[in-house]
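1. below are the sequence and a predicted model for it; my questions follow.
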Amino acid sequence: MIPGLLGDSPHRRFDPLREEWVLVSPGRTNRPWLGRREPEPPTAKPAYDPDCYLCPRNVRANGAQNPDYADTFVFTNDFAALRPDTPLTAWSDGLLRAEGQQGTSRVLCFSPRHDLTLSSMALGDVRSVVDVWATQTQELGERYRWVQVFENRGAEMGASNPHPHGQIWAGTALPGSAVREEATQRRHHAAADRRLLLDVAAQEAVGPRVVERTVGWLAVVPFWAVWPFETLLIPLQPVSRLPELDGAARADLAIILQRLMARYDGLFDRPFPFSFGWHQAPFDGRPTHHWQLHAHFYPPLLGAHVRKFMVGYELLSESQRDITPEDAAERLRLVTVPVGDHVSA
């Protein structure tokens, strides 16, 4: 825990994974708010929607028909952001540079049920999604350097369809986040002979920022979190990529994913929007002993109807947050997680 005076006053915190600073301004949520208010979430969805492009048997926008799938369904995005046949042409003119990027963009339907989310699916079905993440990573990693598994949940995060689904993009180049995390993790391992995020997990294991913990996983609001209820999910054993997870680790992951997402949904008693994704070691032929698999959750809401906007100071100077990570973690921990068929005790 940082000293009380520092914790209660405006201060900056350092992110060792990206080597960036974030300004923490406790108490700013008390200011009057007359700006945009997020609408109430949609009413209950049907189990099957004949107008949904992702439901089984329906015809998508490009005319292709979905199979009558019973569990998960993966297909190449009909409007893919990356394509495998792009020419790898490089161009430069003084300080201006461009290069072709090959890749693919896939859609992963988590369930045939239109009305479910990962937090409300049966635990075994969530485990099936974990397995698909791993197999897709392995397949795409044989051709592409970076495999990005992610989910945009909710219209607030740009999801174009409410059906439970995520995406998997893979490309020939390393994006900026991967380059930074590769460098910081490699330097830390060279200096300490340990993985950076395993050291973070060890330091945070029983601290005030822990939200969920199982035998093999830790979910924590990072000390340097930017988004109000941001969390970081870390396996507690050395793992560089999703395919390396054994059966026990995958089953444990399904449990902690459901519990964490149930806490999000219970925080403001509404389906919680977020962008969530895995960062795993690049497939570039280099050793991966320094890279620790991890997932980032970036939810935008400060309150049930108020979102955090990254504008002004955040765009022009550095990231800023309005509540402390310790406060955010406590509020998530206080959410009662239901025990039943889909959420385990």
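-> Looks like it arrived, so ask away. Just so you know, these numbers come straight off a predicted model, no measurement behind them.

2. so residue 337, which state does it fall into?
-> coil (DSSP: H, G, I helix; E, B strand; the rest coil).

3. ok, longest helix in the chain?
-> If you go by DSSP state H, the chain has its longest helix at helix 247-267.

4. which helices and strands sit right next to it?
-> Under the contact definition 3 or more CB pairs under 8 Å, 6 or more residues apart in numbering; DSSP states H and E, helix 247-267 sits against helix 123-141, strand 210-213, strand 217-220, strand 231-235, helix 325-333. All C-beta atoms are positioned from the backbone trio N, CA, C, and that covers glycine.

5. a markdown table for those, including mean neighbour count and distance to residue 242?
-> Below are the helices and strands packed on helix 247-267 laid out as a markdown table (neighbours: other CB atoms under 10 Å; distance: least, CB to CB, whole Å):
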| stretch | mean neighbour count | distance to residue 242 |
| --- | --- | --- |
| helix 123-141 | 19 | 4 |
| strand 210-213 | 20 | 19 |
| strand 217-220 | 24 | 13 |
| strand 231-235 | 24 | 10 |
| helix 325-333 | 19 | 24 |
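
6. circling back to that earlier point, starting from the helix or strand following the longest helix of the chain, tell me which strands it pairs with and how they run.
-> Going down the chain from helix 247-267, the next helix or strand is strand 274-279, by DSSP states H and E. On the basis of DSSP bridges, the sheet neighbours of strand 274-279 come out as strand 146-153 (antiparallel), strand 294-298 (antiparallel).

7. got the contact list for the longest one?
-> This points to strand 146-153. Strand 146-153 is contacted from outside by 117-118, 133, 136-137, 140-141, 158-159, 165-171, 173-175, 178, 242, 271-278, 280, 282-283, using CB atoms under 8 Å, 6 or more residues apart in numbering.

8. the inter-axis angle of that strand versus helix 247-267?
-> Put simply, strand 146-153 runs at 30 degrees to helix 247-267, going by axes from the mean of the first three to the mean of the last three CA atoms, to 10 degrees.

9. from the chain's centroid, how far away is the helix or strand that strand 146-153 is followed by?
-> Downstream of strand 146-153, the first helix or strand assigned by DSSP H and E is strand 165-171. A distance of 12 Å separates the centroid of the chain from that of strand 165-171, by CA atoms, centre = their mean, to the nearest Å.

10. partners of strand 165-171, with directions?
-> Strands that pair with strand 165-171, judged by DSSP bridges, come out as strand 103-109 (antiparallel), strand 146-153 (antiparallel).

11. which of these sits most buried?
-> strand 146-153 (a mean of 22; mean count of other CB atoms under 10 Å).

12. quick one: residue 180 and residue 17, what's the gap?
-> Residue 180 sits 8 Å away from residue 17, going by CB to CB, to the nearest Å.

13. hmm, back to that, take the strands paired with strand 274-279 and lay them out in CSV including distance to residue 41 and mean pLDDT.
-> Converted to CSV, these look like this (distance: least, CB to CB, whole Å; pLDDT from 0 to 100):
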stretch, distance to residue 41, mean pLDDT
strand 146-153, 11, 97
strand 294-298, 18, 98
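
14. please identify which of those strands is closest to residue 92.
-> Residue 92 lies closest to strand 146-153 among those, at 22.4 Å (CB to CB).

15. dump that closest one to PDB, keeping only the CA atoms.
-> The C-alpha trace of strand 146-153 is given here as PDB (Å, rounded to 0.1, in the frame of the first residue of the first chain):
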ATOM      1  CA  TRP A 146       1.300 -11.600 -33.900                       C
ATOM      2  CA  VAL A 147      -2.000 -13.300 -32.900                       C
ATOM      3  CA  GLN A 148      -4.500 -11.000 -31.100                       C
ATOM      4  CA  VAL A 149      -7.400 -12.700 -29.400                       C
ATOM      5  CA  PHE A 150     -10.000 -10.200 -28.100                       C
ATOM      6  CA  GLU A 151     -13.600  -9.300 -27.400                       C
ATOM      7  CA  ASN A 152     -15.400  -6.000 -27.700                       C
ATOM      8  CA  ARG A 153     -18.400  -6.400 -25.400                       C
END
